[in-house]
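In: Build me a model from this:
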Amino acid sequence: MNPERPIALVTGGRRGIGAAIGIALARAGLDVAITDLEEDVSARATLETLRAEGARAQFVASDLADIADHPRVISEVVSGLGPISCLVNNAGIGSPARGDLLEVTSEAFDRVVGVNLRGTFFFTQSAARHMERTDSPHARSIVTVSSVSAELASPERGEYCLSKCALAMMTKLFALRLAPANIAVFEVRPGVVRTPMTAGVADIYDQRIAEGLVPAKRWGEPEDIGNTVALLASGKMAFATGSVIHVDGGLSVPRL
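Out: Residues are numbered from 1 along each chain as shown. Purely as a prediction, here's the structure:
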């Protein structure tokens, strides 16, 4: 173990935004553990990139919805890399199907909320317990990646919006609880980001961006999110604990 390098744990880190966050953290001098459902080709490629950036890297298979398994995940990361200084809650799922709000099923609602909110809350709780009882010379932080859907309503995916909206309150709660321990807590809200999850609706968003949906007139890229998280993990914004950082090219700014 290298005590000079802080340890970051990124959930859902095998590809897309999660992988970009891990890579940005590695470039900023952190060792990185990533979790996801399985260590596939994408996960192994991300691990190779992390190591090429000079970081020790570890993969831990994890289903975020499995609350009972959370302590095992934390323990494996600590055993493999060392005490965790930064947790990035990135893992999440979209609505199983977009459609009429009046047709949302309880099964779809429970699945989305079970991963995005319930899983994230209890994983954060487990990581926070570890952080609070562990001394560290490094800046410590918890960053939750939510979405502009925490604020902007999309009736065709109501269960997703509700899960992300609740993460905003979760951030405030943990920020207050952990401030005395000097653990900074933030929420990052991406806008329209080009990832495998948005590939199926890329044509729609290409048109909407061209029509002015995003004032910056472009897609967000995973690196936009990664660079933001790396800054928050640096400790340079610790006194801003509880803050929401919009990374959306101005999408969420109210306009006349």
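In: Show me the longest strand that occurs in this protein.
Out: Looking across the chain with DSSP state E, the single longest strand is strand 183-190.
In: Pull the distance from it to the chain's centre.
Out: 9 Å (C-alpha atoms, centre = their mean, to the nearest Å).
In: Point out the other helices and strands that that strand packs with.
Out: Based on contacts counted as 3 or more C-beta pairs under 8 Å, 6 or more residues apart in numbering; DSSP states H and E, the elements that strand 183-190 packs against are helix 120-132, strand 140-145, helix 158-178, helix 222-233, strand 244-247. C-beta: built from backbone N, CA, C; applies to glycine.
In: Okay, now the unreliable bits of this structure?
Out: Within the chain, the segments meeting pLDDT under 70 span 1-3.
In: now residue 245, nearest residue through space, not along the chain?
Out: residue 188 (5.0 Å; C-beta to C-beta, 6 or more residues apart in numbering).
In: same deal with residue 228?
Out: Spatially, and ignoring its direct neighbours in sequence, residue 228 is nearest to residue 247 (5.1 Å; C-beta to C-beta, 6+ apart).
In: again with residue 24
Out: Per C-beta to C-beta, 6+ apart, closest to residue 24 is residue 226, 3.3 Å.
In: I'd assumed residue 21 was in contact with the one you found.
Out: Yes - using C-beta atoms under 8 Å, residue 226 makes contact with residue 21 at a distance of 4.5 Å.
In: Quick check on these two: which one has the bigger neighbour count.
Out: Neighbours per residue, other C-beta atoms under 10 Å: of residue 226 and residue 21, the larger number sits with residue 21, 32 against 26.
In: Kindly provide the distance from the more buried one to residue 79.
Out: Per C-beta to C-beta, to the nearest Å, residue 21 is found 22 Å from residue 79.
In: for residue 163, same thing?
Out: In terms of C-beta to C-beta, residue 163 sits 31 Å off from residue 79.
In: do the same with residue 227
Out: Residue 227 is 30 Å from residue 79, by C-beta to C-beta.
In: Check residue 200 too.
Out: Using C-beta to C-beta, residue 200 is found at 38 Å from residue 79.
In: Do I have it right that the residue nearest to residue 228 meets residue 187?
Out: No - counting by C-beta under 8 Å, residue 187 is not a contact partner of residue 247; they are 10.7 Å apart.
In: Just want to know which of those two has more residues nearby.
Out: Neighbour comparison, residue 247 and residue 187: the larger count goes to residue 187, with 27 against 21 (by other C-beta under 10 Å).
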